[in-house]
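In: let me see the structure of the following:
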Amino acid sequence: MKKGSTLFLKAVIVLIALGVVAGLAWFPQSEGRAANLNLVSIYTDPFILYTYIAATPFFVGLYQAIKLLNLIDANRAFSESAVTALRNMKRASLCLIGFIAVALVYIRVFAQGDDAAGPTMLGIIVSFAVAVIATAAAVFQKLFQNAVDLKSENDLTV
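Out: Next comes the predicted model:
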């Protein structure tokens, strides 16, 4: 694979990360519950803090994707490190789905008088997208593990 392709993918991952960081910084100030709060009270709100904690697996997954692209650049795509990166991406995706599910339960239970259908549907759509990423990572993990096993078996034969 050409380095330009992986460089482009790395740039896209960095842009996604920057967009999410900007959203995490800007969204709490524009949220409806925070309209009458000062800056300190906004960022100490339990739901906002939960959102920041829940964003951690997302950034771990992005880091693992960058790590995998670096391994591809170094011609070590079919190595145990690549399998580990894919496993970590899968686990981060599943963890993110769990955080989204807990947030949806919180919204459905504690949305007093608010219409929770919009956030619920958004959470479901994001969960499906993350599930697709987790499934792809699991398939690639299995494929890469088979390649690593085959490579090590051939190295022992020769």
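In: can you give me the helices in this structure?
Out: Ranges of helices in the chain, per DSSP state H, are 3-30, 39-43, 46-73, 80-110, 117-157.
In: which positions in the second one come out as buried?
Out: Within helix 39-43, the residues that qualify as buried are residue 42, counting by 16 or more other Cβ atoms under 10 Å. C-beta coordinates here come from the backbone N, C-alpha and C atoms, glycine included.
In: stretch 51-68 too?
Out: Buried residues in stretch 51-68, counted by 16+ other Cβ under 10 Å: 51, 54-55, 57-58, 60-68.
In: what does it rub up against?
Out: Stretch 51-68 has contacts (Cβ atoms under 8 Å, 6 or more residues apart in numbering) with 9-10, 13-14, 16-17, 20, 24, 28, 77, 81-82, 85-86, 88-89, 92-93, 95-96, 99-100, 103, 133.
In: quick check: PyMOL command selecting the buried ones in those residues.
Out: To isolate the buried members of the contacts of stretch 51-68 in PyMOL, using 16+ other Cβ under 10 Å:
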select buried, resi 9+10+13+28+77+81+82+85+86+88+89+92+93+95+96+99+100+103+133
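In: now do the contacts for residue 76.
Out: residue 82.
In: what lies in contact with stretch 20-29?
Out: Stretch 20-29 has contacts (Cβ under 8 Å, 6+ apart) with 34, 39, 42, 43, 45, 48, 51, 52, 55, 58, 59.
In: what is the helix or strand of the chain with the lowest mean pLDDT packed up against?
Out: Within the chain, no helix or strand scores below helix 39-43, which has a mean of 76 by mean pLDDT, DSSP states H and E. Packing partners of helix 39-43 (3 or more Cβ pairs under 8 Å, 6 or more residues apart in numbering; DSSP states H and E): helix 3-30.
In: look up how far residue 140 lies from the residue nearest the centre of the chain.
Out: Central residue of the chain (Cα atoms, centre = their mean): residue 58, 2.8 Å from the mean position. Noted for residue 58: a distance of 19 Å to residue 140, by Cβ to Cβ, to the nearest Å.
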